[in-house]
Structure formats: structure tokens, C-alpha cells
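Sharing a model prediction with you, sequence too.
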Amino acid sequence: IMSCKDAGIMRLSKLVSVVQDQRLIAKGDGDRNIETLSINSRENMKNALFFCLIGEKSDGHAYAAEAIKNGAVALVTERELFVDVPQILVKDTREALGLLSSVFYGEPSKKMKVIAITGTNGKSTTSHLIYHILPVILLYEYLFYLTLVPKLLLDTLPLAVGYNGIDVEYYHNIHTCMDS
């Protein structure tokens with residue numbers, strides 16, 4: 001079972017709406033509440049959307065009945081199964097897993113900052129430099145922000161950066177001089 005503190009309850013219709021080239025086979029209540037996503041039919045899952053992934057040695061479609069018995073209320077499949085829960089038929093369940101996981105968990109990749117390093121030579125050196133330079137840049141941005149907030153926040157500076165080898169007294173003096 002995949003879980004995340006940002007995940008909540010999402011209607012099946014919302015998840016279906018983001019998948020292209022799909023067909024919904026609605027059985028019973030076709031628009032269920034989905035509380036979790038799962039790729040493991042053996043785990044107990046409450047109101048889960050189960051993905052029938054096709055692997056090298058086994059086919060997840062064979063475990064759909066077990067998943068339903070353990071709490072799955074809908075399936076993502078590559079072929080129609082004769083079960084009594086809604087099914088989202090897709091061309092590729094692995095691709096659908098990525099897309100639906102992103103939507104279900106609030107599209108976390110949109111909140112990430114990514115630096116890509118490509119090329120034939122120098123990738124390790126460049127990543128090593130970025131690893132050491134980026135914290136310094138972020139620290140200076142943080143310290144600049146501190147000069148804009150009340151002096152009360154400056155008293156927390158030793159707790160925030162005092163253990164990073166920063167001369168806290170120096171930054172405190174800069175702030176004090178700016179207030180004068």
C-alpha cells in the first residue's frame with residue numbers, strides 16, 4: 001500500500017478524468033471514494049484502487065479477486081475482468097500508476113526543485129560543486145530574509161546556523177548596525 005501524509009480521499013471519477021485513452025467499466029456504485037492506492041493484493045487495504053501490473057513472472061490481473069477481498073473497491077486493468085467493482089481499462093497499467101499516483105498525492109513533483117547535469121565529462125565534479133555551493137547560497141538568502149523581519153527573530157539565529165561554522169556574532173553585529 002502506498003501512503004503519504006498529503007493523500008486524502010479522492011473520488012474515482014476524478015482519477016478517471018486524468019487518464020487518456022481509458023474506458024471505465026462501472027459496476028454498482030461506479031464513483032467510489034478512493035483512500036489509498038495499492039499494487040500488493042495481499043495487504044489489507046481500505047477503499048483502495050488496485051493496479052493490476054503485469055510483471056516478468058506474474059500478472060497482477062490474476063490477483064484482482066484477492067485484492068477485492070482485502071478491500072480494493074476499484075481496479076486499474078489492461079483487460080476487462082469479471083468482478084463486481086469498477087475498472088479503469090488502460091493500455092498500460094504502469095503508466096497509469098505513475099499518473100494516478102501523482103494526482104492522488106497532490107502532484108508532489110511540481111513542488112520539487114530539480115537541477116539536471118548532462119554531458120559526457122564533468123558531471124561528478126559539477127554535482128560536487130553544486131552540493132557545496134547551494135547551501136551557501138540558500139544560507140545567504142535566509143540571512144537576508146532575517147534582516148527584513150523583526151529583531152526578535154535574530155535571537156533564533158544561533159540555533160539555526162550556529163552549528164554550521166557560521167560566525168553568528170558577525171551576523172548579529174551586521175543586523176544591529178542596520179537598525180541604527
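Happy to help now that I have it. Numbers count the residues shown, from 1 in each chain.

for this structure, what are the low-confidence residue spans?
1-7, 28-30, 143-180 (pLDDT under 70).

for it, longest helix please?
helix 123-148 (DSSP state H).

three-state assignment of Asn40?
Classification of Asn40 by DSSP: H, G, I helix; E, B strand; the rest coil places it in coil.

ok, now how distant is the most centrally placed residue in the chain from Val85?
The centroid of the chain falls nearest to Pro108 when counting by C-alpha atoms, centre = their mean (4.1 Å). Counting by C-beta to C-beta, to the nearest Å, the gap from Pro108 to Val85 is 28 Å. For every residue, glycine as well, the C-beta is placed using N, CA and C.

Now name the helix or strand holding Lys14.
helix 12-17 (DSSP states H and E).

Now the element after that helix, going C-ward?
strand 23-25.

returning to what we had before: convert the C-alpha atoms of the helix holding Lys14 to PDB, please.
The C-alpha coordinates for helix 12-17 follow below in PDB (Å, rounded to 0.1, in the frame of the first residue of the first chain):
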ATOM      1  CA  LEU A  12     -12.800   7.600  -8.600                       C
ATOM      2  CA  SER A  13     -14.300   9.900 -11.200                       C
ATOM      3  CA  LYS A  14     -11.600  12.500 -10.500                       C
ATOM      4  CA  LEU A  15      -8.900   9.900 -11.100                       C
ATOM      5  CA  VAL A  16     -10.600   8.500 -14.200                       C
ATOM      6  CA  SER A  17     -10.800  12.000 -15.700                       C
END
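
So which other helices or strands are in contact with that helix?
Other elements packing on helix 12-17 under the criterion 3 or more C-beta pairs under 8 Å, 6 or more residues apart in numbering; DSSP states H and E are strand 33-34, strand 87-89, helix 93-104.

Next, the buried residues of it.
Residues of helix 12-17 classed as buried: 12, 15-16 (neighbour count, 16 or more other C-beta atoms under 10 Å).

And the residues you listed, which is closest to Lys69?
Leu12 (19.1 Å; C-beta to C-beta).

what residues are up against Ile54?
Going by C-beta atoms under 8 Å, 6 or more residues apart in numbering, Ile54 touches 60-61, 78, 93.

Oops, could you answer that again for Gln87 instead?
By C-beta under 8 Å, 6+ apart, the neighbours of Gln87 are 24-25, 27, 74-77, 80-81.

shouldn't Leu81 be in contact with Ile68?
No - contact between Leu81 and Ile68 fails when scored by C-beta atoms under 8 Å: they sit 9.6 Å apart.
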